[in-house]
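S.K.: Below are the sequence and a predicted model for it; my questions follow.
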Amino acid sequence: MYSVKEMFYTLQGEGAHAGRPAVFCRFTGCNLWSGREQDRAQAICDFCDTDFISTDGQNGGKFPTAESLASTIQRFWPTPEGKPFVVFTGGEPALQVDTPLIEAMHLLGFEIAIETNGTRPLPEGIDWICVSPKGSSEVIIEAGDELKLVYPQDKALPERFKHLSFSHFYLQPIDDPRCPNATQQVIDYCLRHPRWKMSLQTHKIVGID
Ligand SMILES: C[S@@+](CC[C@H](N)C(=O)[O-])C[C@H]1O[C@@H](n2cnc3c(N)ncnc32)[C@H](O)[C@@H]1O
Ligand SMILES: Nc1nc2[nH]cc(C(=O)O)c2c(=O)[nH]1
Ligand code: SF4
Ligand SMILES: [Mg+2]
């Protein structure tokens with residue numbers, strides 16, 4: 001059984017695929033925060049910008065099989081032309097994405113991306129792996145396509161991750177009222193350490209999902 005908060009068709013806002021049309025499938029639940037505001041201050045990840053509790057979002061629900069979830073995702077793709085693209089996110093999608101779901105999406109011709117905190121194993125076959133480390137948590141996914149670190153984080157400094165095997169290294173300004181100058185801090189860090197690039201949350205800038 002897969003538990004999905006919401007699904008929608010939009011442009012990927014972040015990272016190397018920013019601007020690319022994609023179906024977003026947001027799973028419920030996370031291993032680094034309960035999702036409840038009263039638990040935020042104690043959470044390993046305390047700056048999350050997302051509601052991932054329960055299946056009450058747009059097109060959310062429970063899906064008993066990989067095929068039923070895959071065919072629902074396919075319905076959001078507008079045309080048979082081109083390569084359809086799905087982004088699995090959450091919450092923490094690594095808690096639910098499994099081999100049957102990867103195989104079902106590939107059978108429908110989809111390219112598959114994941115946004116993960118990197119603390120849980122992933123099934124084989126995901127086409128684009130984005131790892132976004134959180135605070136003091138241990139990252140076990142040490143290779144992938146992009147490492148996208150929310151910055152600044154006291155307990156997750158960029159130096160800890162720069163040796164890992166990723167094709168792209170991004171710093172994404174933290175969207176948090178406690179840190180109003182995060183974008184300038186990212187600019188300054190990238191200019192001093194040019195292996196890092198800036199990732200902006202462009203969907204928030206233009207006002208789309
Ligand atoms: C909501 S998370 C879900 C996927 C996964 N749990 C993770 O953390 O990567 C999706 C993306 O949003 C980023 N993100 C979450 N809260 C943010 C914030 N306040 N400011 C900037 N990026 C944020 C995460 O780092 C991650 O790259
Ligand atoms: N447009 C858009 N792009 C995104 N990239 C990562 C997102 C996420 O919440 O995982 C996200 C999101 O929520 N919306
Ligand atoms: S790990 Fe991801 S989903 Fe979980 S609380 Fe942090 S940003 Fe949100
Ligand atoms: Mg988001």
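M.R.: Yes, it's here. Ligands and ions are numbered 1, 2, ... in the order given.

S.K.: Going by C-alpha atoms from here, please, whenever you check contacts or count neighbours.
M.R.: OK.

S.K.: which bits of this protein sit near ligand 1?
M.R.: Taking CA under 6 Å from any ligand atom as the criterion, the neighbours of ligand 1 within the chain are 47-50, 89-92, 115-117, 131-132, 150, 172-176.

S.K.: What residues are bridge-paired with Gly61?
M.R.: Val4 (DSSP bridges).

S.K.: wait, I meant Leu147
M.R.: Under DSSP bridges, the residues paired with Leu147 across the bridge are Val131, Phe169.

S.K.: Next, the contact list for it, please.
M.R.: 130-133, 166, 168-170 (CA atoms under 8 Å, 6 or more residues apart in numbering).

S.K.: if we can go back for a sec, of the residues of the chain next to ligand 1, buried ones?
M.R.: Buried positions within the residues of the chain next to ligand 1, assessed by neighbour count (16 or more other CA atoms under 10 Å), are 47-48, 89-92, 115-117, 131-132, 150, 172-175.

S.K.: Of those, which belong to strands?
M.R.: With DSSP state E as the criterion, strands contain 89, 115-116, 131, 150, 172-173 from among these.

S.K.: Could you dump those into a markdown table and include distance to Asp209 and pLDDT?
M.R.: Output for these, formatted as a markdown table (distance: CA to CA, whole Å; pLDDT from 0 to 100):
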| residue | distance to Asp209 | pLDDT |
| --- | --- | --- |
| Thr89 | 13 | 99 |
| Glu115 | 16 | 99 |
| Thr116 | 19 | 99 |
| Val131 | 21 | 99 |
| Val150 | 19 | 99 |
| Gln172 | 18 | 99 |
| Pro173 | 18 | 99 |
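
S.K.: Which ones among those residues also lie next to ligand 2?
M.R.: Restricting these to those touching ligand 2 (CA under 6 Å from any ligand atom) yields 89, 115.

S.K.: got a pLDDT number for the closest residue to ligand 3 within the chain?
M.R.: Proximity of the chain to ligand 3 (CA to the nearest ligand atom) peaks at Gly91, 3.6 Å away. For Gly91, the model assigns a pLDDT of 98.

S.K.: Fine, thanks again, bye for now.
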